[in-house]
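Undergrad: Turn this into a model:
(3 chains)
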Amino acid sequence: MLGFSSKQLIGVGVFLFVIFIGVPLVIGATGRWDFFFTLTSVALLAIASAGVWLTFYIGRINIGQGAFALIGAYVSAILVVKAGWSFWISLPAAGLFAAVVAVLIGLPILRLRGVYFAMITLVLTQVVTLTALALPITNGAKGISNIPLPSGLSIFGIPLIPDFGSMENTKLAFYLTACVLMVVTYAALYRLVNSRLGHLCRSMQQNEELASSIGVNIAYIRIVIFAISSFFGGIGGAMFGSIAQSVYPSTFVVADSVNFMLNCFLGGLGYVFGPMLGTLVLYFGWDLLFEIGKYQMLVYSMILIAVIRFLPNGLLSVRFGKGDKK
Amino acid sequence: MEQILANGVYLGSQYAMIALGLTLIFALMNVLNFAHGQMYVIGGFVTYTIYGQWGVPFVLALVMSCVTLAILGALIEKFLFAPVIKGSAREESTMLLAAGIAFFLDAVILLVFGEKQRGVPKIVDGVFNWDFRIIMPYDRILICMLAILSIVAFIGLMQYTKTGRALRALAQDRTAAQLMGVNVDRYSMIGFALGAMLAGLVGGLLVTITGVNLGMGGPTSIKAFMMVMIGGAGVISGAIWGGIILGFMEAIGLALLYQYGDITYLLIFVSLMIFLAIRPQGLMGKPWG
Amino acid sequence: MQRRSLMKAALTAATLTAFGATAAFAENPVLKIGFVGVTSGPAAAWGISNQRSMEARAAWINETGGYTIGDTTYDIEIVSFDDQKDPKRAIAGMEKMAQEGIHYVVGPNVDDGAAAVRPVAESNGIMYFPYAFPKELYQAPASNAVLGMVANYQSGPAIYKYLMENEGVKTVAFIAANESDPLSQRDGGVEAAEALGLEVVSASVTYQVDTTDFTPVLTPVMRAQPDLLVLSGVSPANAPQLIRSARELGFQGLISTETAQDAGVLAEGAGDLANGFISVGGASTPELASPMMNEFVQRYTDMFGEYNDESNTKVYALEYILETLKADPSAITDVDAFQATMDTFEAPNPYMNGDAKLRYVGMSSFGQRRQVAVPLVVNVYQDGAFETLFVAEVD
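TA: Numbering: from 1, shown residues only, chains lettered A, B, ... in the order given. Okay, the predicted model is just below:
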């Protein structure tokens, strides 16, 4: 079926079972309700990290995903609060807006490579934060708070998504929503990487001049990839705004941009599912270390250093050796 | 106007020194050292402890800052960066390592030196006031001159000593340098130690003016990145120019745009982005990126 | 991918045991009070002084036999979560508090975190005491946040009015860091100053929090020659540098802020140049501090090596929580009871000499009692220590 081996299909099946049924059951049984939010965060941050991973795939170090996540969060919040849109329509709109911004900014800056691209995207994160502080529509320093919960969505009278506002407990609902988004994102990412576009991206990652000389329209591909990447960022950010029911200029900052990039490194740049694992370990790891109090940061960073020292190609390199898995 | 110039020179000289160490490390090993700002902070705290707390003469404290950071840098290079660079498929992976080290140093600083803002007694009292056209406290003038002196000394070291020549060869072409008989491993370590030492030196110098707190690390790194980008990554003279340009941009921007307060930095950042989009390799960088 | 689920299971197991291990150490039943705030990174000073004052007080209570609420004597345990000043983490922290069965939490320290945790706190029945000033947090329909200190829009007018009457201040300039909290505080300050009839000569100058040289930032402000320079929402790290730069530029007027500062930091960072600097503090100046306050400072110093004057304003939230629970023991698990008690609660203020009372206020600012009544103590820095300038009340 579509060239998947049965082993892969089983893997996907198990994964879906675990996140949609296993995790809620385990949480229900152990009573660790707080893990819902942690895992929801992991899923959403993994979506944004997937975008960063994609820009790595064309050989660009992207430290600007926080900017697009912030843009997405603001677009969704403004559409919901000021224009009265349904959250579910504002969500793709947020992603699209982020993608459009990415195209406009990407045109000039995607010519840059290496550390230069990394730095310019880092600066971009600060630019977006400062812009959010200065603009009237974003409410400046005061941020946008009291954003209503996502309303229900129905097509032709058939309810597709229930009203979050009337729910007793929104944790599970947000968790499932985030997981669906994450699964869709990674399915799309996997499809993309294994498409013709994916092959072209790999050729660009190796050598742009060479790719260009054999007729690959590298400028076009760069823009498309950057736009898709930022779309993911926008979606992740918008969803977060809706959970926190507030957006501030500091909701996504440089530290977030850096973390998105670290997620990819930690999981492994050679693996589609690397960013997902990286996000899980980095974000969840911090939460688990909460027990040790003031040594939390110390232990966390020592583990991080140890991992990269002994697994410089990312966590997934343990299992698959070197080289591309897919 | 004179005041703006004076501010620009002062800011520029301190920025240039911060950028120098970062660009040196980048030139030698292609490592973007996220922990540079933390090294600067440690340098500040060492001087604070030795000069501010124990009352040892300032110059000695400054030397201790340099020594501490040089040792720290050498250890980090030898036991962390060198093996990771050898083992990783893509050299960008060192960014994760650098970030991890930055987190680690932040944690250590918090545990050892505490969370408070720290400052030391002024090294020179008094304010130079030229008819209210230039107002500059004497300690700033002194620090500014020391910074310029250090930069000159550093350039001298790079130009006229055997170590400097080896480091430059290494920065230009690693393989060629190795073929010419340069001990690459040894000089990588020396270079890293030198870069870290510069961070410690400027930290020790500036603690007398701005004080030090554990939060300064991250933002300092980012500022240093920007200066390095302006001048061109991995080019010594570029870092100096980058520092001076950013210093003057801040001094002039803050003087002219103050009534729009919130957007001064926005404009600086945006113009930096435009500049880099037009000239991707910075002022004098090599266009390999 | 099986690997992932396996790992998840392993991690879950590991945490569960970790949680199990912390449970049993005291003879008294344990009452857990939460703290969610920033204790690492650039703003660590805010959260750490907060966390430490809670821990110092809890240790003190436990050492002297516990805290009696109703018929039960509890040991107090402070559960702290470092949110790294990230609103996303703050939500996770609040979830963690809910998980621990905690209903009373101090923090977060900043506006965005306080706004972000609201949904979690309200759906889990948690009362939280943020150190953030936006009025939406405390006005209906918001119900679970209690402002843990005096807001700048309350202390600002009191300070300006005092200075107008006693120092003849006519013009004022504001300067703020380019961040949410300070900018909001600046806007509030400008509004208050204008309402009092002060002339605001400069309010647009901002600086980045990572500024290392404030001379270029302050130069344009100095040109406006205000009688009073207000450092809106200034962090303890920036305050001494701003003061030093302003004085070195020849500024002769008054300098004030509405946030709490630490005398030691001012002494190190600005020395004598900080003399006359006006800030808001708690009740630790010698005239006001009760023996209990002095003992608290002593115990804090013994425990952590060094006192932080910012803790003067942060000692109250825990005391309020415990005193209110004592007034209505059923509130230990029922925040509705707590909220009902808030309207009538009154107890003597143990940290201050005189007959000051602990009670909940905020009717005029928020329309409901969602603020702790702490004395508005305005301090002036003089030669390494704070002196009381005046004391006022917030209603």
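Undergrad: Surely residue C:296 is in contact with residue C:59?
TA: No - shown here, residue C:296 and residue C:59 do not form a contact pair, counting by Cβ atoms under 8 Å, at 10.8 Å. No exception for glycine: its C-beta is placed from N, CA and C like everyone else's.
Undergrad: Tell me which of these two has more neighbours.
TA: Higher neighbour count among residue C:296 and residue C:59: residue C:296, with 24 against 16, using other Cβ atoms under 10 Å in any protein chain shown.
Undergrad: Mind telling me what element residue 231 is part of?
TA: In the absence of a named chain, chain A is used. For residue A:231, the enclosing helix or strand under DSSP states H and E is helix A:218-244.
Undergrad: that's the other chain; I wanted chain C
TA: strand C:228-232.
Undergrad: Go ahead and name everything in contact with that strand.
TA: C:152, C:156, C:160, C:163, C:169, C:171-176, C:182-183, C:185-186, C:189, C:193, C:198, C:221, C:238-239, C:242-243, C:246, C:251, C:253-258 (Cβ atoms under 8 Å, 6 or more residues apart in numbering or on different chains).
Undergrad: Take those and keep only those in strands.
TA: C:171, C:172, C:173, C:174, C:175, C:176, C:254, C:255, C:256 (DSSP state E).
Undergrad: The residues you listed into a markdown table, with extra columns for neighbour count?
TA: Output for the ones in strands among the contacts of strand C:228-232, formatted as a markdown table (neighbours: other Cβ atoms under 10 Å in any protein chain shown):
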| residue | neighbour count |
| --- | --- |
| C:171 | 16 |
| C:172 | 29 |
| C:173 | 26 |
| C:174 | 27 |
| C:175 | 28 |
| C:176 | 27 |
| C:254 | 19 |
| C:255 | 24 |
| C:256 | 28 |
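Undergrad: how many other residues sit next to the spatially closest residue to residue B:41 that is not a sequence neighbour?
TA: Leaving aside its sequence neighbours, residue B:41 sits nearest to residue B:217 (Cβ to Cβ, 6 or more residues apart in numbering or on different chains; 4.7 Å). Using other Cβ under 10 Å, residue B:217 is surrounded by 29 other residues.
Undergrad: give the contact list for residue B:217.
TA: Contacts of residue B:217 by Cβ under 8 Å, 6+ apart are B:35, B:37, B:38, B:40, B:41, B:102, B:105, B:106, B:109.
Undergrad: Please convert these to JSON lines, extending it with secondary structure and neighbour count.
TA: Putting these into JSON lines (DSSP: H, G, I helix; E, B strand; the rest coil; neighbours: other Cβ atoms under 10 Å in any protein chain shown) gives the following:
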{"residue": "B:35", "secondary structure": "coil", "neighbour count": "29"}
{"residue": "B:37", "secondary structure": "helix", "neighbour count": "28"}
{"residue": "B:38", "secondary structure": "helix", "neighbour count": "27"}
{"residue": "B:40", "secondary structure": "helix", "neighbour count": "32"}
{"residue": "B:41", "secondary structure": "helix", "neighbour count": "27"}
{"residue": "B:102", "secondary structure": "helix", "neighbour count": "22"}
{"residue": "B:105", "secondary structure": "helix", "neighbour count": "21"}
{"residue": "B:106", "secondary structure": "helix", "neighbour count": "25"}
{"residue": "B:109", "secondary structure": "helix", "neighbour count": "23"}
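Undergrad: hang on, residue B:120 packs against residue B:51?
TA: Yes - with contact defined as Cβ under 8 Å, residue B:120 reaches residue B:51; the gap is 5.6 Å.
Undergrad: coming back round to it: quick check: mean pLDDT of the helix holding residue A:231?
TA: Mean per-residue pLDDT for helix A:218-244: 93.
Undergrad: Check the offset of it from the chain's centre.
TA: Using Cα atoms, centre = their mean, to the nearest Å, the mean C-alpha position of helix A:218-244 is found 8 Å from that of the whole chain.
Undergrad: At the geometric centre of the chain, which residue do we find?
TA: Using chain A here. Among the residues of chain A, the one closest to the centroid is residue A:48, at 1.3 Å (Cα atoms, centre = their mean).
Undergrad: Wait, chain C was what I had in mind.
TA: With distances taken as Cα atoms, centre = their mean, residue C:131 lies nearest the centre of chain C, 4.4 Å away.
Undergrad: Secondary structure element for it, which one?
TA: Residue C:131 belongs to no helix or strand, assigned by DSSP H and E.
Undergrad: Which residues are in contact with it?
TA: C:37, C:46, C:50, C:107, C:108, C:109, C:110, C:114, C:148, C:149, C:314.
Undergrad: Would you list the phi and psi of it?
TA: The phi/psi pair for residue C:131 (degrees, to the nearest 10) reads phi -110, psi 60.
Undergrad: Contact residues of the stretch 251-395 of chain C facing chain B?
TA: Residues of the stretch 251-395 of chain C lying near chain B by Cβ under 8 Å from any Cβ of the partner chain: C:262, C:264, C:265, C:268, C:269, C:270, C:271, C:306, C:308.
Undergrad: helices and strands of chain C: which one bottoms out on pLDDT?
TA: The weakest-scoring helix or strand in chain C, judged by mean pLDDT, DSSP states H and E, is helix C:2-22 (a mean of 49).
Undergrad: helix or strand right after that helix?
TA: Assignment by DSSP H and E places the next element after helix C:2-22 at strand C:30-37.
Undergrad: Residue B:71 touches residue B:192, doesn't it?
TA: No - applying Cβ under 8 Å as the test, residue B:71 and residue B:192 come out as separate, 11.2 Å apart.
Undergrad: quick one, which of those two is more surrounded?
TA: residue B:192 (27 against 14).
Undergrad: quick one: secondary structure of that one?
TA: Secondary structure, DSSP: H, G, I helix; E, B strand; the rest coil: residue B:192 is helix.
Undergrad: show me the contacts for it.
TA: Listed by Cβ under 8 Å, 6+ apart, the contact set of residue B:192 reads B:25, B:28, B:29, B:73, B:74, B:76, B:77, B:81.
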